[in-house]
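>>> Mind folding the following:
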Amino acid sequence: KKKKNERRKKKTGAMSLNLRSDMFAEPFSSEEFVERTARSTRSFHGIGAEDEDLFEPAALLETFESTIKQLWDLYAETGEDITKLQEVVHDRENDTKKTMEELEDTLQVAFSRLQGLTADIGHVASKTVHVGDQLETVDKKRGRSAEAITLIAHLEAFEHADERELLPPFDDMDEHLYEAADTIQKLSFAMTELPPDQYISARDRIHEHLLVIESRLQTRFVTCDDTETMQRCAHTLFPFKQYGQCVETFIQTFIKNEFAVTGAMDVYRAILVTCHRAKEVIYKVFRSPQNIMLSFAQEIVRSQLGSHIEVVLESLDNTAFLDRLHAEFSRAKEMTHQLATSFDIGLDVHSEDKLVRSVFNEPLENYIAREEKNIHGAFDTILTQFYESVNHPQWAMRLELAKSGKSKTHTEESTDPEETLLSHDVTLTMIQEAKTAIQRCHDLAQRSDLADWVYRIFRKLLEALCIEHLEYAIDLAIEQLPPKKPKTAPQSNFLAVVKDVNSITYILQKLFWEVILPNIKSSLSVYPACVSRKNEILERLEGKLAAGLDRHLQSVVAYLQLLLSKEQKKSDFKPPEDAMAAVMNGPCTSACQSVVRYLAQEAKAISSCLNGKNLELVSRELGVRFHRVLLDHIKQMTFNTLGGMLLTRDLTEYEKVMELFKDDLVLDLFVTLRELSAVTIVKPEHVRQLCEEGRLAQLERSTIMSFLQLRTDFKSAKLAQYFK
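Next up, the predicted model:
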């Protein structure tokens with residue numbers, strides 16, 4: 001420490017920092033600057049990093065004061081420099097503004113001179129164009145005059161061909177065929193302008209030479225192998241009448257030669273390949289190649305595809321014919337669209353469809369008749385196979401009688417009462433057949449025919465599915481319904497038939513909304529006819545189902561009435577007074593047990609087979625009818641007090657089983673009936689009070705009186721006086 005103190009004593013005074021303005025450039029941290037100054041002060045006084053415990057506040061203060069003074073001096077110097085720079089910038093700005101003003105004046109003068117020069121150039125250009133037009137007109141007149149002189153000379157030569165030779169190029173047409181063709185075309189046109197009674201000989205000779213030249217050009221076009229010669233022949237023939245025949249010959253010859261090479265190739269691919277090759281030649285040889293390419297495409301599709309369609313559709317059965325026709329038509333449309341897009345031949349969607357239909361015109365003439373025949377046969381086969389699989393020979397007999405025009409009564413038919421003769425597989429298969437036929441109609445039909453064709457297919461489906469299948473099963477089920485007054489528990493599959501019919505008609509309705517309607521809704525005549533026919537058939541089925549359900553309910557209610565009358569004895573509700581314990585602890589009557597057991601089975605059958613509105617209506621109708629039967633049955637009995645208790649117990653069981661039908665109206669009827677039965681139990685003096693409370697207060701007095709009259713003590717207790 002002593003040595004360190006001596007070193008410190010040697011270095012006295014403030015440390016001086018050489019501060020410059022560039023040391024404060026961004027990024028600058030004042031905290032870092034202070035730290036750096038402090039570290040420099042320690043180093044200046046000889047304090048190293050190992051002497052952390054040494055601190056010289058006086059030296060640090062002295063250094064900071066010196067640094068602050070230097071900073072103020074630097075600030076003053078920097079301010080003076082800024083002032084000088086601002087003065088220099090201001091002077092230069094004034095000089096620049098002055099220079100810009102002078103340049104702007106100079107630019108104004110230059111722009112005005114440029115405008116004048118532009119106007120002069122435009123004037124000279126217009127004069128030049130005018131002079132050029134005049135020169136061109138003079139040149140054309142001179143050329144036409146020279147051409148007219150040449151044509152007059154040729155005309156004179158043709159007129160006097162017997163006396164002199166024809167002028168070139170007619171003296172050697174094989175060598176100068178193209179020049180001769182050009183000249184003869186002009187002479188032929190000139191002859192149309194002359195009176196018919198002049199230059200008669202020349203007219204005939206010119207026409208003869210015209211035909212000869214056309215024939216030679218066409219022969220050269222057909223026989224040559226290079227496209228340059230073909231192009232020159234085609235361009236030369238362009239104004240001649242034989243040009244169309246030249247194009248037609250080229251198309252037919254090219255197709256024939258190409259298909260001789262690609263004969264084993266698929267016809268659709270061969271057509272595309274041939275068109276690609278033809279395009280290369282046509283665009284080199286002919287004028288207006290797009291029109292020639294269009295004619296080529298139309299010809300190759302009609303000729304080659306037409307022959308292919310005729311061959312592949314020959315000797316096919318009806319189903320195979322329709323499938324192959326649809327497949328070929330789809331491929332033809334795809335190929336034609338590819339031709340239109342790949343070769344830019346100007347075919348729109350309508351033209352594409354028209355071209356394809358021109359090929360399939362003959363097979364499409366009787367298409368819908370074939371389709372109806374095919375789907376009718378398919379439906380008959382599906383139904384026949386189904387009825388054979390369930391061992392129902394009556395169907396085949398029915399078909400035979402239908403073919404012979406005879407009718408068959410239902411009494412001759414019989415089937416297993418457990419079998420509904422309805423099949424979802426049959427339904428789905430029929431609908432799939434209809435969808436396939438409708439898809440073919442959608443692809444093959446013209447827009448004007450589509451709605452009618454789809455309706456005709458749907459009508460076949462309605463006849464086969466709804467009439468031949470559903471209605472047939474409904475009729476058989478109705479025939480097998482139990483009698484209206486059965487002696488045993490009614491056994492019937494009619495509820496299962498209703499369930500299957502509802503399920504199948506739902507599938508049919510779905511088909512109508514998703515497939516049929518989109519295809520017919522645009523037709524003002526077909527749409528209402530189709531909807532009307534569908535609704536007519538479905539309403540007919542609905543009417544038969546309603547009649548069958550009514551018959552079924554009649555049998556059920558009649559059997560319930562039979563159970564009540566057969567098993568219920570009048571003595572059941574007049575037990576002896578000493579049987580209180582047996583009544584209170586015993587079960588309900590045997591008739592009630594039988595009825596409840598059967599009703600529970602029927603409720604389960606109804607809820608499993610019906611749904612929606614049908615379930616609600618049938619449940620309510622059965623409940624209301626049974627309530628009426630039960631009420632009439634009760635009115636045939638008389639009750640003592642214990643009998644009234646038994647009646648209440650029976651009615652409680654009936655109420656419980658009616659809850660299975662889930663109908664509020666029916667449940668309300670049975671609750672009211674149970675509460676009404678209380679008038680057979682209460683003491684006479686409490687009857688009036690009972691009748692003025694709860695549901696009984698809302699009943700007519702005659703209804704309550706009819707129940708009071710069932711009491712054994714009605715007269716002795718003088719109960720009638722309570723309602724006077």
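>>> those strands in the stretch 1-150 of the chain, which residues are they?
Applying DSSP state E, counting those that start in this stretch to the stretch 1-150 of the chain gives no strands.
>>> Name the single longest helix found in this protein.
helix 57-159 (DSSP state H).
>>> Quick check: buried residues in stretch 594-606?
Under the neighbour-count criterion of 16 or more other Cβ atoms under 10 Å, stretch 594-606 has 594, 595, 596, 598, 599, 602, 603, 605, 606 buried. To be clear about C-beta, it is placed using only N, CA and C from the backbone, and glycine gets the same treatment.
>>> Off-centre distance for the longest helix of the chain?
Centroid displacement of helix 57-159 relative to its chain, using Cα atoms, centre = their mean, to the nearest Å, is 62 Å.
>>> Could you list every helix and strand that that helix packs against?
For helix 57-159, the packing partners by 3 or more Cβ pairs under 8 Å, 6 or more residues apart in numbering; DSSP states H and E come out as helix 30-44, helix 177-193, helix 200-223.
>>> Could I get the average pLDDT for the last one?
If you average the pLDDT over helix 200-223, you get 70.
>>> next SSE after it?
Towards the C-terminus, the helix or strand next in line after helix 200-223, according to DSSP states H and E, is helix 227-237.
>>> pLDDT of stretch 620-634, averaged?
Mean pLDDT, stretch 620-634: 93.
>>> contacts for it?
553, 556-557, 560-561, 564-565, 568, 599, 602, 606, 647, 654, 658, 661, 663, 665-667, 669-670, 673, 677, 707, 710 (Cβ atoms under 8 Å, 6 or more residues apart in numbering).
>>> How about stretch 531-546?
Residues contacting stretch 531-546 (Cβ under 8 Å, 6+ apart): 458-459, 462, 466-467, 470-471, 474-475, 478, 498, 501, 505, 512.
>>> For it, buried residues please.
If you call a residue buried by 16+ other Cβ under 10 Å, then stretch 531-546 has these buried ones: 534, 537, 538, 541, 544, 545.
>>> same question for it, mean pLDDT?
95.
>>> can you give me how far that stretch is from the chain middle?
Computed by Cα atoms, centre = their mean, the chain-centroid distance of stretch 531-546 equals 30 Å.
>>> go on, stretch 553-573?
Remark: stretch 553-573 is offset 60 Å from the chain centroid, using Cα atoms, centre = their mean.
>>> ok, now stretch 643-658?
59 Å.
>>> What mean pLDDT does that stretch get?
90.
>>> buried sites along it?
Buried residues in stretch 643-658 (16+ other Cβ under 10 Å): 643-651, 653-655, 657-658.
>>> give me the element residue 314 is part of.
Counting by DSSP H and E, residue 314 is found in no helix or strand.
>>> What values do phi and psi take at it?
phi -70, psi 140 (degrees, to the nearest 10).
>>> follow-up on the earlier one: would CSV of the buried residues of stretch 643-658 with distance to residue 93 and secondary structure be doable?
Shown next, in CSV, are these (distance: Cβ to Cβ, whole Å; DSSP: H, G, I helix; E, B strand; the rest coil):
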residue, distance to residue 93, secondary structure
643, 127, helix
644, 123, helix
645, 123, helix
646, 124, helix
647, 121, helix
648, 118, helix
649, 119, helix
650, 119, helix
651, 115, helix
653, 115, helix
654, 114, helix
655, 110, helix
657, 110, helix
658, 108, helix
